[in-house]
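Q: Any chance you could fold what I've pasted below:
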Amino acid sequence: MNPTDREVACFEAGVKFGTLYHQFAGTPVSPASAPSLERAMEDAIENQPYCEAVSVDILEDALDTTHGYTELTGEYMEVRMRIEYDGCTVHTEMAMEDGYPLMRVVDVHEG
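A: Numbering: from 1, shown residues only. Okay, the predicted model is just below:
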């Protein structure tokens with residue numbers, strides 16, 4: 001049985017989130033470097049197949065910069081993505097929920 005276009009599109013979204021989170025988690029970040037890191041993350045993920053849009057928002061006010069910077073983790077960012085695969089569009093987001101950076105499919109449109 002072959003996966004449906006909807007299933008492939010959702011799988012692709014998961015691949016993008018896995019790449020984004022595990023590639024950039026631990027990156028040193030400060031309020032001054034947050035905007036350039038956001039752009040670098042967006043550009044890197046948008047290079048991947050089927051990724052049409054990425055929005056990364058590093059929550060600068062939440063950063064613990066006691067030592068001038070901190071390590072980037074899920075608690076410091078909100079992410080939205082739009083994946084398009086063969087007529088199917090998947091909207092996703094990552095945000096903190098109960099202390100965990102939850103990545104989820106928000107909406108799927110076919111056609």
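Q: Buried ones in stretch 27-36, by neighbour count?
A: Neighbour counts over stretch 27-36 (16 or more other CB atoms under 10 Å) mark 29, 33-34 as buried. All C-beta spots, glycine's among them, are computed from the backbone N, C-alpha and C.
Q: Now residue 40. Its backbone dihedrals?
A: Per-residue torsions, residue 40: phi -60, psi -40 (degrees, to the nearest 10).
Q: What's the local residue count around it?
A: Residues lying near residue 40 (other CB atoms under 10 Å) number 14.
Q: Next, work out how far apart it and residue 34 are.
A: Using CB to CB, to the nearest Å, residue 40 is found at 11 Å from residue 34.
Q: likewise residue 88?
A: Look at residue 88 and residue 34: by CB to CB, they are 33 Å apart.
Q: Which pLDDT does the model give the spatially most distant residue from the centre of the chain?
A: Distance from the centre of the chain peaks at residue 1, with 29.8 Å (CA atoms, centre = their mean). Residue 1 carries a pLDDT score of 90 in this model.
Q: Next, work out how far apart it and residue 92 are.
A: Note on residue 1: its distance to residue 92, by CB to CB, is 25 Å.
Q: what does the helix or strand that contains residue 36 contact?
A: Using DSSP states H and E, the element containing residue 36 is helix 34-46. Residues outside helix 34-46 that contact it (CB atoms under 8 Å, 6 or more residues apart in numbering): 16, 19-20, 23-24, 27, 29, 51-58, 60, 63, 72, 81.
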